[in-house]
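Enquirer: Predicted coordinates and the sequence they were generated for:
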Amino acid sequence: MTDETTARTSAASRRPPARAIKGLSDRAVGWIFVAPTIFLLLAINIFPLIWTIRLSLTNYRANRTTAEVSWVGLRNYERILTDPDIWNAMQATAHFVIWTLVLQVLIGFTLAYLINKKFKGNDLWTTIIVLPMMLSPAVVGNFWTFLYQPQIGLFNYFVGFLTGADPSSFSMIGDVALAPWAIVIVDTWMWTPFVMLICLAGLRSIPDSIYEAAECDRASKWRQFWTITIPMALPFLMLAVLFRGIENFKMFDLVVQLTGGGPGSVTELTSINLKREAFEKWRTGYASAYAVILFVTVFGLASIYVKALNKVKER
């Protein structure tokens, strides 16, 4: 009796798992597990995108739900592409994205290169440098708004100490010429540690044997830096640029806390301009077309950039 029970148990254990689930095939079982994820993806990402594209072809207004919705075709897209205010917002965004990327990459890579050199207090300095990126953008915005105050702000006194200028003679967030640089400085201060960590991972992935071989060939430190360090850390640098470029293109909360898009509209980025079109002017169809244009722009640039990144990795 015991031998018969053992044989039945052994036969059942050898039975394919798919047949054990009411005769379903392996393919069907796989779809059962994947289906919830696909459903969530469709519900959270794909459906809103399709609905936004549909709204962009109408004159729909969210605050007038009972009004008749008319089909306007591509008229919203034409109006956006010929609107000077939109192009001003695009220009402000480009200024913000380009300069933050340049500063964050230069400073972040420099910090990573220095921290990669083992020295006393290495871990402590790494922790201190990383602190800004752990803070909420709302906290950072309020904190730097206080630092930028002409009368009591420490930033103005620091600049005055270096240049000899009167601290109360300029306002970083109230001057048309200085406000775009004010948001660049804050974003650089907050997110340079993120770039530093990615670069540090790249630097620590370079085998020491390569540097040892270069020293045997009597290569100078400068030559090692340009022929070994930069080429092997370049994919990580490009990855950091990709992440920060996408995030800064859709930057909203930090700039709203600092300047609110002002003075005037010199720091009104596309995300802020889009929010005003959608939730202040209530031109939902127009704002939907605006969002589609921004999505296509970011997606297109990111796709081209990823192809370049893959080519660098394959070298």
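Expert: On my side now, so go ahead. Numbers count the residues shown, from 1 in each chain.
Enquirer: Would you map the strands across the stretch 151-300 of the chain?
Expert: Taking DSSP state E, counting those that start in this stretch, the stretch 151-300 of the chain contains no strands at all.
Enquirer: Now stretch 163-181: buried residues?
Expert: 167, 170-173, 178-180 (16 or more other Cβ atoms under 10 Å). Any C-beta I mention is one placed from the backbone N, CA and C, and that applies to glycine too.
Enquirer: which one of those residues is nearest Leu81?
Expert: Pro180 (23.5 Å; Cβ to Cβ).
Enquirer: OK, contacts around the closest one?
Expert: 92, 95-96, 266-267 (Cβ atoms under 8 Å, 6 or more residues apart in numbering).
Enquirer: and those, which of them are in helices?
Expert: Among those, DSSP state H puts 92, 95-96 in helices.
Enquirer: Nearest to Cys199 among the residues you listed?
Expert: The closest of the ones in helices among the contacts of Pro180, once distances to Cys199 are taken by Cβ to Cβ, is Phe96, at 21.6 Å.
Enquirer: Tally up the residues packed near that closest one, please.
Expert: 22 (other Cβ atoms under 10 Å).
Enquirer: wait, isn't it in contact with Asn248?
Expert: Yes: taking Cβ atoms under 8 Å as the definition, Phe96 is a contact partner of Asn248 at 6.4 Å.
Enquirer: so what sits against both of the two?
Expert: In contact with both Phe96 and Asn248: Asp187, using Cβ under 8 Å, 6+ apart.
Enquirer: Could I get the buried residue list for stretch 269-286?
Expert: By neighbour count on 16+ other Cβ under 10 Å, the buried set for stretch 269-286 is 269-278, 283-286.
Enquirer: tell me which of those residues is nearest to Val186?
Expert: So of the buried residues of stretch 269-286, ranked by how close each gets to Val186 (Cβ to Cβ), first place is Leu269, at 13.4 Å.
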